[in-house]
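**Student:** Just need the structure, nothing else, for what follows:
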Amino acid sequence: MKLIVGLGNPGREYALTRHNVGWWLVDHLAERWHFDGWRKDGDAQVSSGMLGNVKVRLMKPQTFMNLSGDALRPFTRRPFWAPATDLLVVSDEVALPVGRYRTRAKGSAGGHNGLKSIEHTIKTQEYARLRIGVGPPADRSISGDLADFVLAPFGKMEREEVVSLMPSLMDVCEVWAKGDLEAAMRLNN
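**Tutor:** The predicted structure follows:
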């Protein structure tokens with residue numbers, strides 16, 4: 001089973017924030033792929049279905065961002081499940097401007113507490129990640145506290161730009177789920 005985990009924070013006050021773009025994408029995937037409705041499973045909401053002949057589970061951890069890895073504990077005990085081939089984590093990325101995204105096969109958490117929590121739980125940095133840009137344009141920097149920035153909602157234009165990426169991000173997830181991480185990485189914008 002392939003697992004796509006969208007990172008975010010539970011609660012209406014976080015729904016439209018930069019930190020929740022991972023949830024935006026898995027919600028989009030569940031709708032477009034016509035998966036089962038969301039249901040509670042341990043520390044997460046999950047939606048499952050088939051993508052061609054591949055079983056896929058979408059997950060939204062219901063812990064706060066810093067504890068996202070807790071929702072993956074049951075998967076670490078599955079005998080035929082391996083993070084390097086079966087896990088794709090979708091997160092926000094402040095180092096990328098809005099409208100950009102990047103897919104990697106492995107790497108560091110880069111200061112992202114949700115990714116740190118996942119790495120702590122699965123005991124490896126070898127898992128695919130899709131980072132969606134939420135940062136300012138390259139010619140501007142974040143002023144103030146980084147936490148305040150990622151927990152703030154997007155402006156209308158920024159939100160529209162992120163939403164317009166959903167078809168491309170869906171393509172990345174689909175290619176990855178079908179077993180071709182290299183091709184998924186080539187789809188980066």
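**Student:** how about the residue nearest to Pro10 when sequence neighbours are not counted, what does it touch?
**Tutor:** Closest residue in space to Pro10, ignoring its immediate chain neighbours: Gln62 at 5.0 Å, by Cβ to Cβ, 6 or more residues apart in numbering. Where you see a C-beta, it was placed from the backbone N, CA and C, and this is true even at glycine. Contact analysis of Gln62 by Cβ atoms under 8 Å, 6 or more residues apart in numbering lists Pro10, Lys40, Asp43, Ala44, Gln45, Ala71.
**Student:** Check the gap between Gln62 and Lys2 for me.
**Tutor:** From Gln62 over to Lys2 the distance is 21 Å, taken as Cβ to Cβ, to the nearest Å.
**Student:** what's the answer for Leu146, then?
**Tutor:** As defined by Cβ to Cβ, Leu146 lies at a distance of 31 Å from Lys2.
**Student:** was I right about Glu161 contacting Val98?
**Tutor:** Yes - the pair Glu161 and Val98 qualifies as a contact (Cβ atoms under 8 Å) at a distance of 5.2 Å.
**Student:** all strands of this structure, in order?
**Tutor:** Under the criterion DSSP state E, strands of the chain are mapped to 2-6, 39-41, 44-51, 54-61, 87-97, 101-104, 128-135.
**Student:** Show me the shaky parts of the chain.
**Tutor:** Within the chain, the stretches falling below the threshold (pLDDT under 70) are 137, 139, 189.
**Student:** that older thread, of Leu146 and Lys2, which one has the most company?
**Tutor:** For Leu146 versus Lys2, the count of surrounding residues by other Cβ atoms under 10 Å is larger for Lys2: 20 against 10.
**Student:** Quick check: the more buried one vs Met50, distance?
**Tutor:** Using Cβ to Cβ, one obtains 11 Å as the distance from Lys2 to Met50.
**Student:** Asp86 too?
**Tutor:** In this structure, Asp86 and Met50 are separated by 15 Å, where distance is defined by Cβ to Cβ.
**Student:** tell me, how many neighbours does Asp43 end up with?
**Tutor:** The number of residues near Asp43, taken as other Cβ under 10 Å, comes to 17.
**Student:** so it touches Phe64, yeah?
**Tutor:** No - using Cβ under 8 Å, Asp43 and Phe64 do not qualify as a contacting pair, with a distance of 10.6 Å.
**Student:** picking that back up, let me know the closest of the contacts of Gln62 to Arg102.
**Tutor:** Nearest to Arg102 among those: Ala71, at 23.2 Å, using Cβ to Cβ.
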